[in-house]
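Please work out how this folds:
(one chain, ligands or ions: 1)
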Amino acid sequence: MNFYPLTPEEKEQRVVWSSVRATLEAFRFKYKRSGKKSRSNWTLFERILWFFQLFLKLIGAYSKGLSQAKNILVQDVKVPLKNLPAAFSGFRILHLSDLHIDAIEGLEDIIIQKIKPLQYDLCVITGDFRRDTVGGFQQILPAMKKLVAALHPEYGTLAVLGNHDTFQMVKELEPFGIRFLVNETVFIHKENHNLRVTGVDDTYYYYTDMALHVLEKPSDDFSIALSHTSELCDVAAENGYGLYLCGHTHGGQICLPGGIPIISHQKGRKEQIRGLWYQNGMTGYTSPGAGVSGVPLRFNCPPEITVLELSDAGKSSSSPV
Ligand SMILES: [Fe+2]
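Below you'll find the predicted structure:
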């Protein structure tokens, strides 16, 4: 079933967006909201990772890290939300993030087994489908096709791109049954009520004002923002969004005992590294991700599949009656 087909206006906007994204990808800089751009030193980073993996193999910890990376946790999270339409109380969102599906062989099968018994109305994927940030992506297609075929949400599967993803994936993955939101909005209708879902393109490497503008569009409907990172949470909160779902941090992926991250790629508030957080009346959730990047290992930071159950927490004093 084709959920949320593109409007003629969205088709036109995608032509503009894909040419801008293609240009940004070609230059291989990180384009930031602050206007800064910088180049990643991947060669140095990959060398460090190589030595790190070698070290772990020598001390016998590699297999333990791999086994932790495959041991995906299913996390049920209750999310009380002000101004949620009553029709959406009990609505369940399956939140997947940072699949990096080609980083661990057979990861899609592990995820499918975990998802099988779950009940959910909508699935959202907040970016990072492949392991690397550059190069081809054909290797992820069979696994993604299999995974999406195993999803059965009544209201479809929505996704945004991450900083590891290329614009070219959108055309290849959408026919599997994913609707990408590249600075776009869709509405979910239930019992005469609407839920607005807006997704923005990755802003960690590929920031453009298009991401800002789509969040700034006014609406009276309860609104959910999907983004790879938490970087636009202030904009979403200022514009009345009630829920913000993101990933990117992997929760740290390699953590000290107690889940203390060594590196998290989280520039802003540290409480946004994983789990629930709040921003000016908006609730946010950062998924620690189901997959891994850099090294196929996790320590003290389990991969996660999240089921968010929304509930009505009443009206806020500033909301229209
Ligand atoms: Fe990631």
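
Give me the nearest residue to the closest residue to the ion within the stretch 101-250 of the chain, chain neighbours excluded.
For the stretch 101-250 of the chain and the ion, the shortest gap (CB to the ion) falls at Asp128, measuring 3.5 Å. No exception for glycine: its C-beta is placed from N, CA and C like everyone else's. Distances taken as CB to CB, 6 or more residues apart in numbering put Gly162 closest to Asp128, at 3.5 Å, once the chain neighbours are dropped.

Near Gly275, how many other residues are there?
17 (other CB atoms under 10 Å).

what's near enough to touch the residue nearest to it when sequence neighbours are not counted?
Nearest residue to Gly275 in three dimensions, chain neighbours excluded: Thr286, at 6.4 Å (CB to CB, 6+ apart). The contact partners of Thr286, taken as CB atoms under 8 Å, 6 or more residues apart in numbering, are Ser230, Cys246, Gly247, His248, Thr249, Gly251, Gln272, Ile273, Arg274, Gly275, Trp277.

For the residue of the stretch 101-250 of the chain closest to the ion, give me the pLDDT.
Looking at Asp128, its pLDDT is 98.

Kindly report the same for Glu174.
Glu174 is given a pLDDT of 98.

wait, it sits on Gln168?
No. With contact defined as CB atoms under 8 Å, Glu174 does not count as touching Gln168 (11.6 Å).

Which neighbours do these two have in common?
By CB under 8 Å, 6+ apart, no residue touches both Glu174 and Gln168.

which one is Pro85 nearest to, not counting chain neighbours?
His193 (3.7 Å).

Can you pull the phi/psi pair for that neighbour?
For His193, the backbone dihedrals (degrees, to the nearest 10) come out as phi -120, psi 160.

Ok, Lys217 next?
phi -70, psi 130.

cool, and Leu158?
The phi/psi pair for Leu158 (degrees, to the nearest 10) is phi -110, psi 150.

Please tell me how far it sits from Leu245.
Applying CB to CB, to the nearest Å, the value for Leu158 to Leu245 is 10 Å.

Need the residues touching each of these two.
With CB under 8 Å, 6+ apart, Leu158 and Leu245 have common neighbours Val124, Leu226.

For stretch 192-208, what does the pLDDT average out to?
On average, stretch 192-208 scores 96.

Output the below-cut-off pLDDT ranges for the protein.
1, 40-42, 317-321 (pLDDT under 70).

how about the residues of it near the ion?
Neighbours of the ion within the chain, by CB under 5 Å from the ion: Asp98, Asp128, Ser293.

Keep only those of the residues you listed that are in helices.
Using DSSP state H to define helices, no part of the residues of the chain next to the ion is located there.

Just list the residues touching Ser18, thanks.
With CB under 8 Å, 6+ apart, Ser18 has these contacts: Phe167, Val170.

Next, it: phi, psi?
Torsion angles, degrees, to the nearest 10, at Ser18: phi -70, psi -30.

quick one: secondary structure of Leu6?
coil (DSSP: H, G, I helix; E, B strand; the rest coil).

how far away is it from Gly199?
From Leu6 to Gly199 the distance is 13 Å (CB to CB).

In terms of neighbours, single out the busier of those two.
Gly199 (28 against 16).

doesn't Ile178 make contact with the more buried one?
No. Here Gly199 does not reach Ile178: they are 11.1 Å apart, not a contact under CB under 8 Å.

Now the common contact residues for the two.
With CB under 8 Å, 6+ apart, Gly199 and Ile178 have common neighbours Leu158, Ala159.

residue contacts, Glu216?
Contacts of Glu216 (CB under 8 Å, 6+ apart): Val235, Asn239.

what are the ranges of the helices in the stretch 151-300 of the chain?
Here the stretch 151-300 of the chain has its helices, by DSSP state H, counting those that start in this stretch, at 168-173, 209-215, 233-238.

Any chance of TSV for these, columns mean neighbour count?
TSV is the format used below for the helices of the stretch 151-300 of the chain (neighbours: other CB atoms under 10 Å):
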stretch	mean neighbour count
helix 168-173	18
helix 209-215	18
helix 233-238	20
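
Adding distance to Leu44, write those out as JSON lines.
What follows is these, written out as JSON lines (distance: least, CB to CB, whole Å):
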{"stretch": "helix 168-173", "distance to Leu44": "27"}
{"stretch": "helix 209-215", "distance to Leu44": "29"}
{"stretch": "helix 233-238", "distance to Leu44": "31"}
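
Give me the residue at the spatial middle of the protein.
Thr126 (1.5 Å; CA atoms, centre = their mean).

For that one, give me its contacts.
Counted by CB under 8 Å, 6+ apart, Thr126 has contacts 95-98, 159-160, 162, 226-228, 245-248, 287.

Please report the distance of it from Leu158.
9 Å.

next one: Glu108
19 Å.

neighbour-wise, which of these two wins?
Leu158 (27 against 23).

mind listing what the more buried one touches?
4, 122-125, 178-181, 186, 197, 199, 226.

Next, format those residues as CSV and append distance to Gln266.
As requested, these are exported to CSV (distance: CB to CB, whole Å):
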residue, distance to Gln266
Tyr4, 30
Leu122, 26
Cys123, 24
Val124, 20
Ile125, 20
Ile178, 26
Arg179, 28
Phe180, 24
Leu181, 23
Val186, 28
Val197, 24
Gly199, 20
Leu226, 18
